[in-house]
Structure formats: C-alpha cells, structure tokens
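# pasting a predicted model and its sequence here:
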Number of protein chains: 2
Amino acid sequence: MKGRIPEGEREARMAWSRLTEPADQPATTLIRSLGAEAALHRAMSGRLSWTERLRPRLEVLDIDQDLAILRRIGARVLVPGDEEWPSGLEALEQPPHCLWVRGPEHLAQVCQRSASVVGARMATSYGQMVALDLGDGLAERGFAIVSGAAYGIDAAAHRGALASEGATVAVLAGGVERPYPQGNAELISRIARVGLVVSEMPPGSAPTKLRFLRRNRLIATLSKGTVVVEAGLRSGSLHTARLALEHHRPVGAVPGPVTSSVSAGCHELVRTRGAELVTDAAEAAELVGEVGRDLAPVKRGEVLDTDDLSEEEAAVLSALPYRKAVSVDDLVVRTTLEGRQVLGCLGRLSLRGLATRDGDRWKKHARGGPAARLGGAP
Amino acid sequence: MKGRIPEGEREARMAWSRLTEPADQPATTLIRSLGAEAALHRAMSGRLSWTERLRPRLEVLDIDQDLAILRRIGARVLVPGDEEWPSGLEALEQPPHCLWVRGPEHLAQVCQRSASVVGARMATSYGQMVALDLGDGLAERGFAIVSGAAYGIDAAAHRGALASEGATVAVLAGGVERPYPQGNAELISRIARVGLVVSEMPPGSAPTKLRFLRRNRLIATLSKGTVVVEAGLRSGSLHTARLALEHHRPVGAVPGPVTSSVSAGCHELVRTRGAELVTDAAEAAELVGEVGRDLAPVKRGEVLDTDDLSEEEAAVLSALPYRKAVSVDDLVVRTTLEGRQVLGCLGRLSLRGLATRDGDRWKKHARGGPAARLGGAP
C-alpha cells in the first residue's frame, strides 16, 4: 500500500487530519508546497504565526495512538499516491489530507463506476421507495452507491445497493468508528463489513455542522454523478448537488408531487440549475454512466394494433359505429373519402379484425381489446 | 363584424366546415387560391375530380338552415379577417375554415394572454388539484385558460379559471351546441354563458377520434403556451404539447410521483422534448407570459438568522454545545481558530442571541427557534 508514498507521509497526513478542520486553506497550501511531513515539522517549529491556532491540537497529537486505533478498529488510512486513492478528489481545491477507511471494497475501483444518491432526512415513504429502487437498480447495473448514511433517502439508497449485493460507500462527517446517526448504526456496521465507510476526520471526531458541509464535497467528487431524490429548498443535498455541478459531475433530480415540500428542491434543481429529471435507475445510469454503454430506453406507451393504420384507415375506423352498422355511403359522408377508398380501408380493417361486416353494412369489431378501445373518441 | 370580409365569404366558409373534415389539404389549397366562395362554386361545379368525395355532403348542404341554427343556439361564426379571429391560427398549415363560437368573451382578445392547460382524463386527485390551482392562479394573473372540456385535468383547469372569474375557452371536437363529454354538460354550458365554447365543426357534428386529434392543433395554437398537468405516455395531451412545440409555443409539464403512470408523459416531455418543469401558477405564467412582466420568483427556503454568519462565526456556533458550556480554549481546539477570533465570534453570536455565557464558559442559546435548530448537525 505504501509504494510511491514518501516515508512518513502517511503518518504526517494522519496528523494533519487531527490538527485541522476539513478544507483548511493555509494548511492545504503549506502541505502542497512542502509535502505533508515537512509541513508538519514547520507547523511544529512555531515559526509560522498562523499555525498558532493549531497549537492546542499539536500539543496532544499522538500518532502512535492513532496507529493503534487504526489497528484496533480494523481501518486503514489512504493518502494521495495510494493505488486505492480515488481519482475524483483531485478536482478539489482543498482535498482531504487523507481518508480513514473501513471495509473490504477498493475505494478507487468502486468510485470508477459510481453514483451518489442523496436526499432529505425527513423523506416521505415515496422518496424512500424511489431511493431504494435507485440504489438497487444502479447497483444491479454495476454502479457503487455513494451516500451519507443519514436517515431517509441516504439510508434507503445504501439499503437498495446492499439488497442487490452491490458496492456502497458511506461517507461520514465524523470518525469512521463512530456511527452517526446512532439509529443507522447497524446499517453503517453492515456497510463497513461489505462495502466502505469513509471519512476525512480521524477516529473520535464528532460530526459537526461544518464537517457535514465539508463532507458533502467528498460525496460530490468521489462519485461520477449525483442523483437527488427528495430535498427541501434548504436541504444539504442541494449543497452536494451544487458542488457536483461545480465539479462538472452530472446531477439528476427525481420529481415528485408539486405539493410536497421535500420535492421542491429537486424541482428547483431541474428548473434553475440544469439538473436532469430522472425517474428510474435506467435513466440515472444513463446520466452518470458511460456514453453509449448506459443508454436508457425512451419510455413509450403500450404499442397498439391500430398504431400503424394509414390516415384513411384510421378515419374509416373512427367513423365506424360500435353497434348499429352503417353503409359504405354513410362512411363516405362521415369521412369525406371516396367510395373506393372507403371500401379498400374496410377490407384491410376487416383483415386485421378491426371492422366487421353485417350484410352490406359495417361496424367496429367489438373485442374489448385495445383496438376496440382506441377506435372510439378519446 | 363583417368589415373586411367579402360578401358570401362567411357563408361559404360555414359550408366548407360542413363539407370537409378538419385539416382537409386539397380543400385548404383550393380556398387559399380562390377564396372560400369561388372555391365552393368550383367544388359544386363538379369540374374538379377530387371534390367527388364531397358530393354526398354537397347534396345535403343547406346554408339557410345553418344560419337558422346559429340564431337558435345563440352562436356566431368567425372567419379570417374578423376582428375576433384569433391571430395564433395563422401558424397552421391547415387552419379551420371558420370557428363556431358561443359565449360573451372576445376570442382574439382573450387568446392574447392565454395558456392551455391540458392533461389526462383519468387524472388523479393530485393532478386535478394542481390543474384547478393552475387555472385559478393563471386566471388571477389575467390569463385565459384554453382547454378541451374533457374529464379530469381539462375540466379542473376550466373550473379553476371560473373560480377566480377568469376567461376560459373550451375547444370542442364536435359541435358547440353538443356538450361532450355529457358528464361535463353543465360545465360546458357555464363556459358558454361566461367564457367561450369554440369548434371548427358545425352544429350537429359528433366528436370522433380524428376530430379530437385535429382539435388539439387549435388548443395548441389559440393559446400562447401549453401546460400539461398529468399525461400517460400515450396521452392526447402529449400530442397537443408536441403541436405547441412545433408551433414555437412554450410547453410546460407538471411533475408528479415517478410511480404514477399519468405523470410519466409529463416527465418524458421534460426529459426528451425540452418542456419546462412547472410547479405552480407563477412558474406557468412566467413560461407563457411576457418576458419581464410575468417573472416567477425563484423558490428559496425559509431565511434563517444564521444565514449571514461569517465562516468563523458559523464554525464557533457549530462547535458550541447545547448543554454543557465549554471554555474558549476548548473552542480553539474544536475550531482550530485563534483564541482572539473565537472571542470575537462569541461576542457577535451573543449579541445576536445565538450564544450564551455561563461564567467564563459558553454554550448555544437554546431557544428552540430556527437558529437553535440550525446550529446542530444537520
């Protein structure tokens, strides 16, 4: 795992994840220019005035303890350069210093074909059902489901992926050994056993509001695209969707009743952010998948046996009564077609079982099937 | 009413509406080149072989009887050149020869600011409620509602317009004296009393499937834009929407649950036809109304008193516990801000009633209001 990574780099990045809150710009800049280990020595030297604010955390820093925790919770730490380091994070101005990871899947590989499915915690049963279907259907098509393990949509999306034994990645705002929310502890443990639980915060970290916000940039960039299932107008999922759009990831939104406040954010994404309207897993796969490979079928109605009638045949069929048969002359009046045209049409309609003869008069063939249904006025 | 119309033109066009089915191309071409009256004489002369198919109807043509019917049902006939002739129909390749009209409104005027609201007959109660709201809200904004008086969405849209005493136009596939469907007879009579009932078919004409299809081009072009509320994948409303798009009218579609088959057509319009997603009357008005005048407000969530916090203030607020107060030093550790920054933030948060002091320790000000709600993890 340590191939191209300089000696001490991993431990230094673990230290940085302890020292700073996510997306600390000065720390990011320092690490970029010196490398994580040299940057750490510089910060510890006290020669940089801005690092003063990190002093209290520096004083209690204990890498050996963190390495022991890692072993104890069966986690690993990924850093840039690792084969398992996901490529999507490079787009971030302030990438995580490292990722704390639990679970048997290979993060970089599963993210190669992945969708984040996110949404409201206060989801409706409709939204949860759609999220479950999306998670299931996308996983069936080989997509890993990335989400935040929150109540509502997130949990349903993870569960859908687990249901079809697909890969799923829970990105947490706190430490990976600390399931949050507590009510999803069992789900998160299961994801840690068969999928991946990921955080940029070290073990023991509480999930705070700011960490949730920063976490969203990981969800947005780890996955190839984001689908929002239900979201109020102030939902954190809209934040994730905007971040995904900023990083040139496709964003889909699932519609719902216009009377539902948790669909309002989805509708607004489509109306004002250019998100694509997505109604099922096939369409979500097309959105986040590969051009050509993941094309969704265009939805069409039932094909009826009257679909390929000529305009004249349709006119004659439309003019035929269900019950009281009419003469060819009547049909000429009704359709303004010529007599020989009407006769030709009647012959063809009769062969197709759509018209029936009654002496020298004609009526619709009443079958109760779709043809009979369609013949009448809509 | 007869200003610029040549003598006999109106009666000739009434005759043509008896002789042909809607959108009869040869008849349209003949009338275009000769004028309606000369064209009628030519057709009656028997010198044009194609007019043979009109012979049965020519033989029973009785203009005097139609004029008597007009008087009896209190209707009028509009022809191109009339002040009341709506301008939108000029876009049609095969415009109606004339329009049979009942009702006190001025057709050309109401169409100047109008929206068609159409959709499934087998609408859900959700769809009907939305159509009612759209009809109501658009009428309140001065739009006439054009629709087809069918069960379901159409009827709800008309009713919405009537509810706010707006103008509404029912475009029928059969004669204007012949309410169809029968179950909406009362609604259609009411529209004839206060709005407009319009058809290109003369009195006595039955609504046939083909006439319904042709009728849709009138709905699409009489109005300035079309909003589809619920539509199955084979719905006639999708036909109307496509015709509107072909004639460069804006088309909106109301979303619904992805599990509802009568929302599938709306979603498909947005996905593949470029229809705009529309969730309320304000958005529909923006779509079909005048640029600038009818702008819909962008939907935003509730504004909270934490919205304009600086990043540092938000970080400190996020790090403050609800119950057990913490020291400034604790907050430095939690936020990685400098001590003086933390103190400054606490002062400002305290002034805004978001933080509260407890000796030399601090915690969130628990109010149960939105600020308190937002401070915690989302």
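Cool, got the structure.

# wait, what's in contact with A:Gln94?
Contact analysis of A:Gln94 by Cβ atoms under 8 Å, 6 or more residues apart in numbering or on different chains lists A:22-25, A:28. (Glycine included, C-beta is placed from N, CA and C.)

# check A:Ser327 too.
A:360-362.

# what is the nearest of the residues you listed to chain B?
Among the contacts of A:Ser327, A:Trp362 lies closest to chain B (Cβ to the nearest Cβ), at 15.3 Å.

# which strands and helices sit next to the helix or strand hosting that closest one?
Following DSSP states H and E, one finds A:Trp362 within strand A:361-364. If you count contacts as 3 or more Cβ pairs under 8 Å, 6 or more residues apart in numbering or on different chains; DSSP states H and E, strand A:361-364 packs onto strand A:355-358.

# nearest residue to A:Arg13 in space, please, no chain neighbours.
Setting aside the residues directly before and after it, A:Arg13 is nearest to A:Cys98 in space (Cβ to Cβ, 6 or more residues apart in numbering or on different chains), at 4.0 Å.

# surely the one you found meets A:Ser17?
Yes - taking contacts as Cβ atoms under 8 Å, A:Cys98 lies within contact range of A:Ser17: 5.4 Å.

# give me the more crowded residue out of these two.
A:Cys98 (26 against 23; other Cβ atoms under 10 Å in any protein chain shown).

# which one of the contacts of A:Gln94 sits closest to chain B?
Using Cβ to the nearest Cβ, those come closest to chain B at A:Asp24, 6.7 Å.

# just the pLDDT at the closest one, thanks.
pLDDT recorded at A:Asp24 is 95.

# try A:Lys2
Here, the pLDDT recorded for A:Lys2 equals 43.

# can you tell me how far A:Asp358 is from chain B?
A:Asp358 sits at a distance of 20 Å from chain B (criterion: Cβ to the nearest Cβ, to the nearest Å).

# what residues are bridge-paired with that residue?
For A:Asp358, the residues forming beta bridges with it (DSSP bridges) are A:Arg361.

# and it, how many neighbours does it have?
For A:Asp358, the neighbour count with other Cβ under 10 Å is 10.

# that one touches A:Ala325, doesn't it?
Yes - assessed by Cβ under 8 Å, A:Asp358 is found in contact with A:Ala325 at 4.1 Å.

# so where's the stretch 201-350 of chain A shaky on pLDDT?
Within the stretch 201-350 of chain A, no range satisfies pLDDT under 70.

# let's see 90
The stretch 201-350 of chain A contains residues with pLDDT under 90 at A:290-311, A:318, A:321-323.

# what about the strands in it?
Secondary structure of the stretch 201-350 of chain A by DSSP state E, counting those that start in this stretch: the strands cover A:226-228, A:251-253, A:276-277.

# adding mean neighbour count, write these out as TSV.
Formatted as TSV, the strands of the stretch 201-350 of chain A follow (neighbours: other Cβ atoms under 10 Å in any protein chain shown):
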stretch	mean neighbour count
strand A:226-228	33
strand A:251-253	28
strand A:276-277	22
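
# on that earlier part again, and the contacts of A:Ser327, which are buried?
Applying 16 or more other Cβ atoms under 10 Å in any protein chain shown to the contacts of A:Ser327, the neighbour count classes A:Trp362 as buried.

# ok, the contacts of A:Ser327 vs A:Ala131, which is closest?
A:Ala131 lies nearest to A:Trp362 out of these, by Cβ to Cβ, at 54.0 Å.

# my read is that that closest one contacts A:Ala325, right?
Yes - using Cβ under 8 Å, A:Trp362 is in contact with A:Ala325, at 5.6 Å.

# common neighbours of A:Cys98 and A:Ser17, please.
Common neighbours of A:Cys98 and A:Ser17, using Cβ under 8 Å, 6+ apart, are A:Glu200.

# buried residues, stretch A:332-342. List them.
Of all the residues in stretch A:332-342, those buried under the rule 16+ other Cβ under 10 Å are A:332-338, A:341-342.

# quick one: closest of the strands of the stretch 201-350 of chain A to chain B.
Nearest of these (Cβ to the nearest Cβ): strand A:276-277, 4.8 Å.

# ok, back up a step: and the furthest pair within the contacts of A:Gln94?
Farthest pair in the contacts of A:Gln94 (Cβ to Cβ) is A:Pro22 and A:Gln25. Separation: 11.0 Å.

# more crowded one of the two?
Legend: neighbour count by other Cβ under 10 Å for A:Pro22 and A:Gln25, higher for A:Pro22 (22 against 10).

# correct me if wrong: that one contacts A:Lys209.
No - between A:Pro22 and A:Lys209 there is no contact under Cβ under 8 Å: 12.0 Å.

# so which residues of the stretch 51-200 of chain A form strands?
A:76-78, A:99-102, A:114-118, A:144-147, A:168-171, A:196-199.

# distance between the first one and the chain's centre?
A distance of 26 Å separates the C-alpha centroid of strand A:76-78 from that of its chain, computed with Cα atoms, centre = their mean, to the nearest Å.

# what helices and strands are in contact with it?
For strand A:76-78, the elements it packs on are helix A:9-19, strand A:99-102, judged by 3+ Cβ pairs under 8 Å, 6+ apart.

# what sits against A:Leu67?
Per Cβ under 8 Å, 6+ apart, neighbours of A:Leu67: A:11, A:14.

# ignore the last one, A:Glu93
A:Thr28.

# so which bits of the stretch 151-300 of chain A are right by chain B?
A:173, A:180, A:207-210, A:212, A:232-234, A:236, A:254-259, A:263-264, A:267-268, A:270-272, A:276-277, A:279-280, A:283, A:298-300 (Cβ under 8 Å from any Cβ of the partner chain).

# quick one on the thing from earlier: out of the contacts of A:Gln94, which is nearest to B:Ala115?
Distances from B:Ala115 to the contacts of A:Gln94, taken as Cβ to Cβ, are shortest for A:Ala23 (46.6 Å).

# how far away is the closest residue to the closest one other than its chain neighbours from chain B?
Nearest residue to A:Ala23 in three dimensions, chain neighbours excluded: A:Gln94, at 3.9 Å (Cβ to Cβ, 6+ apart). Applying Cβ to the nearest Cβ, the value for A:Gln94 to chain B is 13 Å.

# do the same with A:Gly35
21 Å.

# what's the burial count for A:Ser87?
That count, for A:Ser87 with other Cβ under 10 Å as the rule, works out to 11.

# and the longest helix seen in chain A, what's buried?
The longest helix of chain A (DSSP state H) is helix A:125-140. For helix A:125-140, burial by neighbour count (16+ other Cβ under 10 Å) applies to A:126-140.

# what subset of those residues is also close to chain B?
When contact is defined as Cβ under 8 Å from any Cβ, these meet chain B at A:126, A:129-130.
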